[in-house]
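1. Kindly return the folded structure for what I paste below:
(chains A and B)
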2 protein chains.
Amino acid sequence: MDHIYSYEHLTRFTNEVFLHMGCSEEHAQLASEVLLSADLRGIDSHGVARLSGYVRLWEAGRINATPNIRIVHETPSTATVDGDGGLGLVVAPFAMKVAIEKATNVGSGWVSVKHSNHFGIAGYHAMMALQNDMIGMAMTNASPLVAPTFATERMLGTNPIAVAIPAKSQPPFVADFATTTAANGKLEILQRKNQEAPTGWVQTKEGDTSTNPNILKDGGALLPLGGDREHGSHKGYCLGAIVDIFSAVLSGANYGPWAPPFVSFLPLPPNPVGEGLGHFFGAMRVDGFRPADEFKEHMDNWINRFRSTKPIEGHQVLIPGDPEREMDAERRVSGIPLLTPVVNDLQGVADKFKINF
Amino acid sequence: MDHIYSYEHLTRFTNEVFLHMGCSEEHAQLASEVLLSADLRGIDSHGVARLSGYVRLWEAGRINATPNIRIVHETPSTATVDGDGGLGLVVAPFAMKVAIEKATNVGSGWVSVKHSNHFGIAGYHAMMALQNDMIGMAMTNASPLVAPTFATERMLGTNPIAVAIPAKSQPPFVADFATTTAANGKLEILQRKNQEAPTGWVQTKEGDTSTNPNILKDGGALLPLGGDREHGSHKGYCLGAIVDIFSAVLSGANYGPWAPPFVSFLPLPPNPVGEGLGHFFGAMRVDGFRPADEFKEHMDNWINRFRSTKPIEGHQVLIPGDPEREMDAERRVSGIPLLTPVVNDLQGVADKFKINF
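-> Predicted structure coming up:
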């Protein structure tokens, strides 16, 4: 059963939780906005459902509520940011702002981040660039759950990529996707519904095809986008690897199987190769390539043409970002539905801090 | 049956053909090197097998053998290059050099290109950055053969992405892949062998699943990486769309269904929205993020760790670029095998210019 809460209610509560963790007013507000943007856009797995996870990481001493987030290396168009163990939810916007500032100055800005943790949805950060007539990009590495093509071992995270591109009268193009066939959140939905997964989503610990959505608990793995070699899983593996390297090898974070887990009950991998989790951000001024108005008019034309693509009967061709934007508009008005386990989870957080949910 | 030709023989011949088209010595040599790099790396569909295609485009007046390739818009870290209708094989290295120069100056360089055509393999251009301790990126849009998720209409090309990343003692990481489940060249191989395609590669003109490798001739389409919605084809569609927008909307080239065909017998789409085909290139100095030696040592570690990933029995986990590098080493010594139709095709080109093959 779903319980409906207003965006404002959940924002107030989340904000209070971050304040109780010791975050500054500014950080608590920003972290709440980033976290809730997932619930608004319908990415329920990345929103308040994760709040208790952040709290547990903080309790375990793996999140620093008062980080000194700073640039530790830079050129006019590139930088590395040290997140100082802060919430990814505040480290990421800091780094994206650095990228935007550099783009304002020299046309583009590219920022790799170390010593961070989960940053919410990649799309939020990429979209920060839009208001400046810039293209925004965001990616992050994550806990190892994905087996490369031909592997049985979990070496990569679901490593999402987001790209946001401004248009003129049309809403922006916003792609935001895991580099696996299906994100872990999709598996969790199947687990709750007690349904099988399609082939190509997961494999057993021996590397055999599986439709068991619980197989990750038995040493199985998520599969790279493509599913198997015949269907291009080596391309999904390449994408996940590129995200890992840009996010963590460039910055000095932990990469591949060394990426720290989001859940606090799992130990940190021994012999770390860097600090925390890594992210990568980019911003490019569209007028670094052609006049902004000209670009945005052609983006309108691109979007109109693709939206009117001849569809398969009974279907409709979408522009990346369409479903999430519609969901956002609806949920701001009619509220955000939460599943009972999530409500119980948030109640537990409220009890812990002796606040009301 | 395969016919074996030495790399030097094919390079000499290709060079002579470009000279007979009116290219400068410098351009003919560069174009030959780029084209042959595909044959060396085992991407046979993109090498000398396409030479006659370039010749026919030139005969049709769609390739300018003496282009004035130039920067038409720039900031310190971005630029748009006008290829002036030149061979993509020479326009692309020009643009990549601009990206590298900008990266040398300000940390990174990003170049969008208009008024170009087919540029060979994306990997060649991305790899140009390696010798400067830079990460290189290359992508291009292409003739529309791909139906977006839920579409019956062909709106995107196979739009490849290449990313090359330097290491220290290990060979570089080089990913180079089409954003479709399978590239068109893979279909052509099945056509020649009279074999069926796996499901998820192509669909009929009504959007139904098909295993007919000839289905594109009947209005069918290639499918984005993922194959269908359940297996993440919307992610492949996103990737193809991003490549299209970066390559063509940023630069002012033709995008989506307006991208010009490679084959000269197809008319150019009416009411063009830009000039020619588009590409996009990037270069980032690794020491724009952390000391180069430190980065390259960690890349060695990344590569070693991933190469030793526990494999599925009877398999081996590869590093992107491994198979192509091995093929390159082998073919430089033992020669490049060509299929009889390709040999006949090259003989036809030789006859046309009254030169020896």
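
2. When you work out contacts or count neighbours from here on, use the C-alpha atoms and nothing else.
-> Fine.

3. What segments of chain A are strands?
-> Remark: strands assigned in chain A by DSSP state E are A:2-5, A:70-74, A:78-82, A:108-116, A:134-140, A:161-165, A:173-177, A:202-203, A:209-210, A:221-222, A:277-285, A:336-339.

4. and of those, who's closest to B:G85?
-> Nearest to B:G85, of all the strands of chain A, is strand A:277-285, at 26.0 Å by Cα to Cα.

5. What strands flank the closest one, and is each parallel or antiparallel?
-> Based on DSSP bridges, the pairing partners of strand A:277-285 within the sheet are strand A:108-116 (antiparallel), strand A:134-140 (antiparallel).

6. Give the rounded mean pLDDT of that strand.
-> Per-residue confidence for strand A:277-285 averages out to 98 on the pLDDT scale.

7. Could I get the buried residue list for it?
-> The neighbour-count check on strand A:277-285 (16 or more other Cα atoms under 10 Å in any protein chain shown) flags A:L277, A:G278, A:H279, A:F280, A:F281, A:G282, A:A283, A:M284, A:R285 as buried.

8. what angle sits between it and strand B:78-82?
-> For strand A:277-285 against strand B:78-82, the angle between stretch directions is 50 degrees (axes from the mean of the first three to the mean of the last three Cα atoms, to 10 degrees).

9. would you list the strands paired with strand A:277-285 in JSON lines and tack on mean pLDDT, mean neighbour count and distance to B:I100?
-> Rendered in JSON lines, the data for the strands paired with strand A:277-285 read as follows (pLDDT from 0 to 100; neighbours: other Cα atoms under 10 Å in any protein chain shown; distance: least, Cα to Cα, whole Å):
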{"stretch": "strand A:108-116", "mean pLDDT": "98", "mean neighbour count": "31", "distance to B:I100": "14"}
{"stretch": "strand A:134-140", "mean pLDDT": "98", "mean neighbour count": "30", "distance to B:I100": "21"}
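
10. Quick check: which of these is nearest to B:P172?
-> With Cα to Cα as the criterion, B:P172 lies closest to strand A:108-116 of the strands paired with strand A:277-285, at 20.1 Å.

11. From the chain's centroid, how far away is that closest one?
-> Distance of strand A:108-116 from its chain centroid, counting by Cα atoms, centre = their mean, to the nearest Å, is 15 Å.

12. What segments of the stretch 101-250 of chain A are helices?
-> Using DSSP state H, counting those that start in this stretch, the helices of the stretch 101-250 of chain A run over residues A:122-127, A:184-193, A:233-244.

13. check whether the last one contacts chain B.
-> Yes. Applying Cα under 8 Å from any Cα of the partner chain, one finds that helix A:233-244 is in contact with chain B at A:K235, A:C238, A:I242.

14. Kindly indicate the member of these with the most neighbours.
-> Note: the member of the residues of helix A:233-244 next to chain B with the most neighbours is A:K235, at 31 neighbours, neighbours being other Cα atoms under 10 Å in any protein chain shown.

15. Not counting sequence-adjacent ones, nearest residue to it?
-> B:F177 (6.5 Å; Cα to Cα, 6 or more residues apart in numbering or on different chains).

16. okay, now that neighbour: neighbour count?
-> In terms of burial, B:F177 registers 26 neighbours under the definition other Cα under 10 Å.

17. can I get the helices of the stretch 101-250 of chain A in TSV with distance to A:T11 and mean pLDDT?
-> Shown next, in TSV, are those (distance: least, Cα to Cα, whole Å; pLDDT from 0 to 100):
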stretch	distance to A:T11	mean pLDDT
helix A:122-127	16	98
helix A:184-193	22	85
helix A:233-244	30	98
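
18. closest one to A:V113 among the ones you listed?
-> Nearest of the helices of the stretch 101-250 of chain A to A:V113, taken as Cα to Cα: helix A:233-244 at 11.5 Å.

19. Measure how that closest one sits relative to strand A:161-165, angle-wise.
-> Comparing the axes of helix A:233-244 and strand A:161-165 via the same axes, to 10 degrees yields an angle of 80 degrees.

20. Show me what helix A:233-244 packs onto, helices and strands only.
-> The contact analysis (3 or more Cα pairs under 8 Å, 6 or more residues apart in numbering or on different chains; DSSP states H and E) places helix A:233-244 against strand A:134-140.

21. ok, 10 Å please
-> strand A:134-140, strand A:161-165, strand A:277-285, strand B:161-165, strand B:173-177, helix B:292-307 (3 or more Cα pairs under 10 Å, 6 or more residues apart in numbering or on different chains; DSSP states H and E).

22. nearest to B:T80, of these?
-> Among the helices and strands packed on helix A:233-244, the nearest to B:T80 by Cα to Cα is strand A:277-285 (12.4 Å).

23. Residue most distant from the centroid, chain A?
-> No residue in chain A sits farther from the centre than A:E313, which is 32.8 Å out by Cα atoms, centre = their mean.

24. mind listing what it touches?
-> Each residue near A:E313 by Cα atoms under 10 Å, 6 or more residues apart in numbering or on different chains is listed here: B:F150, B:A151, B:T152, B:E206, B:G207.

25. switch to 6 Å and redo it
-> For A:E313, the set of contacting residues under the criterion of Cα atoms under 6 Å, 6 or more residues apart in numbering or on different chains is empty.

26. Give me the phi and psi angles of A:G22.
-> Note on A:G22: backbone dihedrals following degrees, to the nearest 10 are phi 100, psi 10.

27. Check the gap between it and chain B for me.
-> Taken as Cα to the nearest Cα, to the nearest Å, the spacing of A:G22 relative to chain B amounts to 31 Å.

28. Now that residue: closest residue in space that isn't a chain neighbour?
-> A:A65 (5.6 Å).

29. Phi, psi for the one you found please.
-> Here the main-chain torsion angles of A:A65 (degrees, to the nearest 10) amount to phi -70, psi -20.

30. Quick one: residues contacting it.
-> A:G22, A:C23, A:G86.

31. rewinding a little: can you tell which of the helices and strands packed on helix A:233-244 is closest to B:V343?
-> Comparing those against B:V343 with Cα to Cα, the closest turns out to be strand B:173-177 (26.3 Å).

32. neighbours of A:N254, just the number please.
-> So A:N254, with other Cα under 10 Å, has 28 neighbours.

33. Could you do A:P267 as well?
-> Going by other Cα under 10 Å, the residues that sit close to A:P267 add up to 9.

34. Tell me both backbone torsions, phi and psi, for the residue lying closest to it once chain neighbours are set aside.
-> Distance criterion Cα to Cα, 6+ apart; nearest residue to A:P267, sequence neighbours excluded, is A:P261 at 7.8 Å. Phi and psi for A:P261, reported as degrees, to the nearest 10, are phi -70, psi 150.

35. A:P261 reaches A:P144, doesn't it?
-> No. Using Cα atoms under 6 Å, A:P261 and A:P144 do not qualify as a contacting pair, with a distance of 7.7 Å.

36. The residue of the stretch 201-350 of chain A found nearest chain B bridge partners, please.
-> At 4.1 Å from chain B, A:P311 is the closest residue in the stretch 201-350 of chain A, using Cα to the nearest Cα. Beta bridges link A:P311 to B:A151 when assigned by DSSP bridges.

37. roughly how far apart are it and A:T199?
-> 25 Å (Cα to Cα, to the nearest Å).

38. One more: A:G185?
-> Relative to A:T199, A:G185 is positioned 16 Å away (Cα to Cα).

39. So between those two, which is more surrounded?
-> Between A:G185 and A:T199, counted using other Cα under 10 Å, the more crowded position is A:T199 (17 against 13).

40. Quick one: residues contacting the residue of the stretch 201-350 of chain A closest to chain B.
-> With the criterion set at Cα under 6 Å, 6+ apart, A:P311 makes contact with A:V317, B:F150, B:A151, B:T152.

41. How about A:G207?
-> Under the criterion of Cα under 6 Å, 6+ apart, the neighbours of A:G207 are A:T152, B:I312.

42. Roughly how far does it sit from A:F119?
-> Separation of A:G207 from A:F119 (Cα to Cα) stands at 30 Å.
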